[in-house]
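In: no sequence for this one, just the structure:
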C-alpha cells in the first residue's frame, strides 16, 4: 500500500498544475467542454486510462462539465498513483 503524500509535496505539485485543487482527502479538477458529447468522449478516455492503471476516480458529470476527484482510498489520501493518473488525464484532455 502506498502512503499519502506529505503536505509540502502535494502543495508543490498542485501549484505547478492548472486547475487541480485539494478537496478533503482528494485532488479535484473540473473540465468544461463545448458539448455533452465532447464531455462523454473525454469521460470514455478517462475510463480507459483508469482501467489501464487500475485506479479509478470519482466522477461527476453535468451536461458539459466533468469533475474528477482522485484519492487512494486504501492509503487514506492522495498518493503518487493519483498524481500519475491526473497527469495522464490532463494529457488526454489536451490530445483532442
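Out: Good, I have the coordinates. None of the values given here were measured: they were computed from a predicted structure. Numbers count the residues shown, from 1 in each chain.

In: what sits up against stretch 31-44?
Out: Here stretch 31-44 makes contact (CB atoms under 8 Å, 6 or more residues apart in numbering) with 19, 59, 61, 63-68, 92-93. Every residue, glycine included, has its C-beta placed from N, CA and C.

In: what about these, which are in strands?
Out: 59, 61, 65-68 (DSSP state E).

In: and which of those residues is nearest residue 75?
Out: The shortest approach to residue 75 among these belongs to residue 68, at 17.8 Å (CB to CB).

In: is it true that that closest one touches residue 21?
Out: No: Residue 68 is not in contact with residue 21 according to CB atoms under 8 Å; the separation is 11.4 Å.

In: have a look at these two and say which one is more surrounded.
Out: residue 68 (23 against 11; other CB atoms under 10 Å).

In: excluding sequence neighbours, find me the nearest residue to that one.
Out: residue 57 (4.5 Å; CB to CB, 6 or more residues apart in numbering).

In: show the contacting residues for the one you found.
Out: Counted by CB under 8 Å, 6+ apart, residue 57 has contacts 46, 50, 68-70, 85, 89.

In: list phi and psi for it.
Out: Backbone torsions for residue 57, taken as degrees, to the nearest 10, come to phi -80, psi 160.

In: about what we covered before: just the buried ones out of the contacts of stretch 31-44, please.
Out: Neighbour counting with 16 or more other CB atoms under 10 Å marks 66-68, 93 as buried within these.

In: quick one: least confident of those?
Out: Within the set of the buried ones among the contacts of stretch 31-44, pLDDT is lowest for residue 93 (81).

In: distance of it from residue 24?
Out: 23 Å (CB to CB, to the nearest Å).

In: quick one: residues in contact with stretch 76-96.
Out: With CB under 8 Å, 6+ apart, stretch 76-96 has contacts from 2-5, 10, 13, 17-18, 20, 22, 25-27, 29, 31, 42, 45-46, 49-50, 53, 55, 57, 68, 70-72.
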